[in-house]
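[1] mind folding the following:
(4 chains)
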2 protein chains.
Amino acid sequence: MTNLSIPALRQTCANCSLANLCLPVGLDQEDLKLLDNLVAKRRVLNKGEHVFDVGHPFDRLFTVRSGAFKTTVLNADGKQDIVGFYLPGELFGFDGISERKHQVTAQAIKTSSICEIPFEPLLRATGRIPDLLRQLFSLISEQTLPEAAIRLNHTAQQRLAAFLLSLSKRFKQCGYSETEFNLPMSREEIANYLGLAPETISRLLTHLYAEGILSINRRHIILNDLEQLQTIHCSGH
Amino acid sequence: MTNLSIPALRQTCANCSLANLCLPVGLDQEDLKLLDNLVAKRRVLNKGEHVFDVGHPFDRLFTVRSGAFKTTVLNADGKQDIVGFYLPGELFGFDGISERKHQVTAQAIKTSSICEIPFEPLLRATGRIPDLLRQLFSLISEQTLPEAAIRLNHTAQQRLAAFLLSLSKRFKQCGYSETEFNLPMSREEIANYLGLAPETISRLLTHLYAEGILSINRRHIILNDLEQLQTIHCSGH
DNA sequence: CGTTCTCTTGACAAGTCTCAATAATTGTGG
DNA sequence: CCACAATTATTGAGACTTGTCAAGAGAACG
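    A predicted model of the protein is given here:
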């Protein structure tokens, strides 16, 4: 499942294939070396393993190198609500900055690997790397307006279409196909994230398949008509 | 409606009654003076007036001095979705950091006043004021995990209870009563924010009134039983 | 190869939306 | 200052989307 061999885990930010995605965007060779020294550990996690839990002290950020992660909170009902999915090249762990303790739990949803970036050294490095601070603010604030708010006023079909388009876009960004990929998460996880029942996801996928908009077999999905998916996202059909 | 007289608008961060809420938290007198010099303009807006629009260049943050603001996006359907409300002492405008252009539109929902904080000078000031950077990250990341995601998996009643409790808590924080206040927003705005129909809000409020949990007359609301409201938020009743 | 988990599909129930009418409030112009 | 218009809020009836419960099929796992 993992796309990275062990030697790949030893590589530096400078030759990381995701360098144009996570933090190093816009940094020159010199800056990259500085940043690379910060990235302390590169770690592999199996499905279900936790990166951190609610309440754990925050002292570093994480970037996905391969695989996928989800973040969850215990909601008022006492159930786990999925609040985010993270794909290769994406940064997570910001939730801990405010209280110096994590507000969410993060775990691998398949065998995955991450880079760890100590936060205090990172902040100190903003003094030496001019663009790093803006870069950081950028990455954080991008997550400030997540799809969550937008999901609320949409139908189940619109939400699912938006979700699939989001995955497509993000897989494309990290170099995979935008039309054919494996869903890293289960129907139940998608449902939870979108605020729907798993059965509804199943039915909607069947429906989209019947219309020829996509092909799906278990986790393997092919998006045949991105444009129509976009139309569904917008107008509901 | 406005709680501030004109002279009040000339006051400095150091003697602002909201100083312990917005940016200055934890700063000493010396730092406050530095910060105060940054706060360029204090401005009054009437109901409906825009602070900024989607696409407008971002170069400053805003704190609410009095009144209330909402931020909206044009969703896929072409309708305005409310993504946030801001009460006195709260900071907004972060949405523009990433793209250097605002991702949302911000407007006053009643006669209100704001302080403007130029962003670049603020970032430069983080070099001189040690705690300011963490403070900033703190405030931004607090908004990263908004109620939005949590709202999704809750019933209409749970969402409304959560919304009222949130308002209560925030009004308390800025020195108002936590049990009696005027809703700054209309039923329709509440509905939009919660992803419900305005009629549903009306019915739920009537229902909560019938149970003695709150009294409501137009915008004026009295929360008689915060605890039971909390119970509803959690278990649905 | 059986156990477990995930996914699919159906029938029914329930929550919420839409449409519509009315009432109350606010704003406006004479 | 009053009367009319426009907006906002309430309430009801019916429809529709989505959730719940249940059963069964298929895949994954040990």
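
[2] for chain A, which helix or strand comes out least confident on mean pLDDT?
    Every helix and strand of chain A was ranked by mean pLDDT, DSSP states H and E. The lowest is helix A:6-9, at a mean of 41.

[3] and A:L122, how far is that from A:G89?
    Here the criterion is C-beta to C-beta, to the nearest Å. By it, A:L122 lies 17 Å from A:G89. The way it works is simple: take the backbone N, C-alpha and C, and place the C-beta from them, glycine included.

[4] so between these two, which is more surrounded?
    Neighbour totals were compared for A:L122 and A:G89, and A:G89 leads with 22 against 19 (other C-beta atoms under 10 Å in any protein chain shown).

[5] make sure that one is indeed in a helix.
    No: judged by DSSP: H, G, I helix; E, B strand; the rest coil, A:G89 forms no part of a helix; its state is coil.

[6] surely it is in contact with A:Y176?
    No: A:G89 lies out of contact with A:Y176 (C-beta atoms under 8 Å); the separation is 10.7 Å.

[7] quick check: residues of chain A near DNA strand C?
    A:186-188, A:198-199, A:201-203, A:205-206, A:216, A:218-219 (C-beta under 7 Å from any atom of the strand).

[8] please flag which of those sit within strands.
    Counted as lying in strands by DSSP state E, out of the residues of chain A next to DNA strand C, are A:I216.

[9] which of the residues of chain A next to DNA strand C are buried?
    Listed as buried from the residues of chain A next to DNA strand C are A:187, A:201, A:205; burial here means 16 or more other C-beta atoms under 10 Å in any protein chain shown.

[10] Serialize those to a markdown table and add fields for pLDDT.
    Shown next, in a markdown table, are these (pLDDT from 0 to 100):
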| residue | pLDDT |
| --- | --- |
| A:R187 | 97 |
| A:I201 | 98 |
| A:L205 | 98 |
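
[11] now, which of those residues lie close to chain B?
    Among these, proximity to chain B is found for none (C-beta under 8 Å from any C-beta of the partner chain).

[12] averaged pLDDT, the host helix or strand of A:Q107. What do you get?
    Using DSSP states H and E, A:Q107 sits within strand A:105-108. Predicted confidence along strand A:105-108 averages 96 (mean pLDDT).

[13] and it, what does it pack onto?
    Packing contacts for strand A:105-108, counted by 3 or more C-beta pairs under 8 Å, 6 or more residues apart in numbering or on different chains; DSSP states H and E, involve strand A:50-52, strand A:69-74.

[14] how about the ones you listed in CSV, adding mean pLDDT and distance to chain B?
    Shown next, in CSV, are the helices and strands packed on strand A:105-108 (pLDDT from 0 to 100; distance: least, C-beta to the nearest C-beta, whole Å):
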stretch, mean pLDDT, distance to chain B
strand A:50-52, 96, 14
strand A:69-74, 93, 7
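
[15] in CSV: those strands, plus distance to A:H102 and mean neighbour count.
    Output for these, formatted as CSV (distance: least, C-beta to C-beta, whole Å; neighbours: other C-beta atoms under 10 Å in any protein chain shown):
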stretch, distance to A:H102, mean neighbour count
strand A:50-52, 5, 19
strand A:69-74, 9, 20
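
[16] neighbouring contacts of stretch A:178-193?
    Under the contact criterion C-beta atoms under 8 Å, 6 or more residues apart in numbering or on different chains, stretch A:178-193 has outside partners A:67-68, A:70, A:80-83, A:85, A:87, A:109-110, A:160, A:163, A:167-169, A:171-172, A:197-198, A:200-202, A:205, A:219-224, A:226, B:153.

[17] near DNA strand D, which of the residues you listed show up?
    Within the set of those, contact with DNA strand D (C-beta under 7 Å from any atom of the strand) is found for A:197, A:200.

[18] buried subset of the contacts of stretch A:178-193?
    By neighbour count, with 16+ other C-beta under 10 Å, those hold A:67-68, A:70, A:81-83, A:85, A:87, A:109-110, A:160, A:163, A:167-168, A:171, A:200-201, A:205, A:221, A:223, A:226, B:153 as buried.

[19] ok now stretch A:130-144, how far from the chain's centre?
    Averaged C-alpha coordinates place stretch A:130-144 at 16 Å from its chain's average position (C-alpha atoms, centre = their mean, to the nearest Å).

[20] again, but for stretch A:72-87
    For stretch A:72-87, the distance to the chain centre is 14 Å (C-alpha atoms, centre = their mean).

[21] how far does that stretch stretch from start to finish?
    Terminal residues of stretch A:72-87 lie 15 Å apart, using C-alpha to C-alpha, to the nearest Å.

[22] run through who's touching it.
    Counting by C-beta under 8 Å, 6+ apart, A:54, A:64, A:68-71, A:92, A:103-107, A:109, A:143, A:146, A:148, A:167, A:170-171, A:174, A:184-185, A:189, A:192-193, B:145, B:149-150, B:152-154, B:158, B:162, B:233-236 sit against stretch A:72-87.

[23] then stretch A:112-123?
    With contacts defined as C-beta under 8 Å, 6+ apart, stretch A:112-123 is touched by A:2, A:4, A:9, A:22-23, A:38-45, A:51, A:58-69, A:97, A:132, A:136, B:133-134.

[24] may I see the buried residues of that stretch?
    Quick answer for stretch A:112-123 (16+ other C-beta under 10 Å): A:112-119, A:121-123.

[25] could those be laid out in TSV, adding secondary structure and pLDDT?
    TSV is the format used below for the buried residues of stretch A:112-123 (DSSP: H, G, I helix; E, B strand; the rest coil; pLDDT from 0 to 100):
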residue	secondary structure	pLDDT
A:S112	strand	94
A:S113	strand	92
A:I114	strand	92
A:C115	strand	90
A:E116	strand	91
A:I117	strand	88
A:P118	strand	88
A:F119	helix	88
A:P121	helix	85
A:L122	helix	85
A:L123	helix	84
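
[26] CSV please, covering the residues you listed and showing distance to DNA strand D.
    Formatted as CSV, the entries for those read as follows, by distance: C-beta to the nearest atom of the strand, whole Å:
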residue, distance to DNA strand D
A:S112, 14
A:S113, 18
A:I114, 21
A:C115, 26
A:E116, 27
A:I117, 30
A:P118, 34
A:F119, 34
A:P121, 38
A:L122, 36
A:L123, 40
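
[27] just those residues now: which is nearest chain B?
    Nearest to chain B out of the buried residues of stretch A:112-123 is A:L123 (C-beta to the nearest C-beta; 6.1 Å).

[28] pLDDT at A:G127, what is it?
    78.

[29] any idea which residue sits dead centre in chain A?
    Residue closest to the mean C-alpha point of chain A, counted by C-alpha atoms, centre = their mean, is A:Y86 at 1.4 Å.

[30] who is that one paired with across the strands?
    A:Y86 has these beta-bridge partners by DSSP bridges: A:F69.

[31] where's it relative to A:S112, distance?
    9 Å.

[32] and if you look at A:Y176?
    From A:Y176 across to A:S112, the span is 15 Å (C-beta to C-beta).

[33] A:R100 too?
    From A:R100 across to A:S112, the span is 25 Å (C-beta to C-beta).

[34] again with A:E30
    30 Å.

[35] swap in A:D95?
    Distance, A:D95 to A:S112, using C-beta to C-beta: 18 Å.

[36] got it, and A:Y193?
    Relative to A:S112, and taking C-beta to C-beta, A:Y193 is found at 17 Å.

[37] which helix runs longest in chain A?
    Criterion DSSP state H: the longest helix present in chain A is helix A:156-173.

[38] who does it touch, helix- and strand-wise?
    Applying 3+ C-beta pairs under 8 Å, 6+ apart, one finds that helix A:156-173 contacts helix A:147-152, strand A:180-182, helix A:187-194, helix A:198-210, strand A:220-223, helix A:226-235.
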